[in-house]
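>>> my questions are about this predicted structure, shown below with the sequence.
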Amino acid sequence: MVVVSYDDPSALKAYIVATAAPFTMLSDKDSKVIRQYGILNESVLPGDIPIYGIPYPGSYVADERGRVIYKTFLESYKCRESPQVLIDSALGQVSLGDPETSKQGGDEDIRVRVGLLGGAIKQGAQRRIVVRFEMSPGLHLYGKPVPAGMVPVEIKVNGPDGMIVQPPILPATTPLWLEELNLELAVWTDRLDVQIPIYALSKIASELQPLTSSELTLDVSVRYQACNQTTCLLPRTERFVLTVPIDVIDVPQLGLFAGNGQKTLGFKAAPHLIRLIWRIFRKNPIAFFKGFTRQRDRIRKARNRRLS
């Protein structure tokens, strides 16, 4: 694995020494490579301290011949894909996640399992709810659209305030021609894995304050109807309640994080932060002061939210 960062070489070296990181870290301190890849985070304005120049968080997965076989990029640097999802993409599989937090349902015709993939809920980390349907031979499930009277697979995830649930990721369907109805339908057979990406906002898990709980509850509602070529079983709706852990994140030794209850790394970030701020200032002093004003306003608003 290779990590590319806009931090300077001294900062990366200090990080590796402090954390014994078992991977290569490359410095792109002027964000030249980041721009060449077209992944510069344009929502961060010139002068924004200390993050101007960062890319959209993402990963490329390459095979043994160096061919990119998967890539994923997210809009915010505060939301990143889990390593397990990247490993699954490289292997062409979908995992269910931790067996301790998974639940089972269905019956002998359709077995349903629901799990959390990616580990504990953390600030800045995207996880996935995985719903797996395993069908007996000859049975299929419907994708959308379907005619009136047929029920497609529908999954809803509800969580506490501050939990963002994104649209489901569905594999491709296969066409099924029903001769009697002169109709072609989109179906899944054998096994269907549906992934629903989720992530927590700062009101659930923040790097700037201690956690208020060590776990949360997710309510997963699954509706489906299994059929074969001639007969449909009754539609079913099942509910699964997952209790999943919330955990702190790793933060450097910096006054901003002191007393916030996070896991502090043996990495003194202040010298590197000062160099980074100086670099931004030298590049564009006017943008620097505008960015300083924006950052001050953001900190004041965040403080007011915590007090309220």
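On my side now, so go ahead. Numbers count the residues shown, from 1 in each chain.
>>> would you mark the buried spots in stretch 207-221?
207-209, 211, 216, 218, 220 (16 or more other Cβ atoms under 10 Å). Bear in mind the C-beta positions are built from the backbone N, C-alpha and C, glycine included.
>>> looking at the residues you listed, which are in strands?
The strands, defined by DSSP state E, take in 216, 218, 220 from the buried residues of stretch 207-221.
>>> distance of the last one relative to residue 274?
What it means is residue 220. As for residue 220, its distance to residue 274 is 47 Å (criterion: Cβ to Cβ, to the nearest Å).
>>> and the residue nearest in space to the middle of the chain, its phi and psi?
A centroid search over the chain (Cα atoms, centre = their mean) returns residue 126, at 2.2 Å, as the residue closest to the centre. Note on residue 126: its backbone torsions stand at phi -90, psi 130 [degrees, to the nearest 10].
>>> which residues does the residue lying closest to it once chain neighbours are set aside contact?
Distance criterion Cβ to Cβ, 6 or more residues apart in numbering; nearest residue to residue 126, sequence neighbours excluded, is residue 199 at 4.5 Å. By Cβ atoms under 8 Å, 6 or more residues apart in numbering, residue 199 lies in contact with 79, 125-127, 163-164.
>>> just the buried ones from the residues you listed, in PyMOL syntax?
Buried residues among those (16+ other Cβ under 10 Å), as a PyMOL selection:
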select buried, resi 79+125+126+127+163
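>>> which parts of the stretch 201-308 of the chain are helices?
270-283, 285-307 (DSSP state H, counting those that start in this stretch).
>>> most tightly packed of those?
Of all these, helix 270-283 carries the top mean neighbour count, a mean of 15, counting by mean count of other Cβ atoms under 10 Å.
>>> please state the offset of it from the chain centre?
Distance of helix 270-283 from its chain centroid, counting by Cα atoms, centre = their mean, to the nearest Å, is 30 Å.
>>> restrict it to CA atoms and write it as PDB.
This file holds the C-alpha atoms of helix 270-283, laid out as PDB (Å, rounded to 0.1, in the frame of the first residue of the first chain):
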ATOM      1  CA  ALA A 270       2.700  21.400  16.300                       C
ATOM      2  CA  PRO A 271       6.100  21.800  14.500                       C
ATOM      3  CA  HIS A 272       4.700  20.300  11.300                       C
ATOM      4  CA  LEU A 273       1.500  22.400  11.600                       C
ATOM      5  CA  ILE A 274       3.600  25.600  11.900                       C
ATOM      6  CA  ARG A 275       5.500  24.700   8.800                       C
ATOM      7  CA  LEU A 276       2.300  24.000   6.900                       C
ATOM      8  CA  ILE A 277       0.700  27.300   7.900                       C
ATOM      9  CA  TRP A 278       3.900  29.200   6.900                       C
ATOM     10  CA  ARG A 279       3.800  27.400   3.500                       C
ATOM     11  CA  ILE A 280       0.200  28.500   2.900                       C
ATOM     12  CA  PHE A 281       1.000  32.100   4.000                       C
ATOM     13  CA  ARG A 282       4.000  32.400   1.700                       C
ATOM     14  CA  LYS A 283       2.100  31.100  -1.200                       C
END
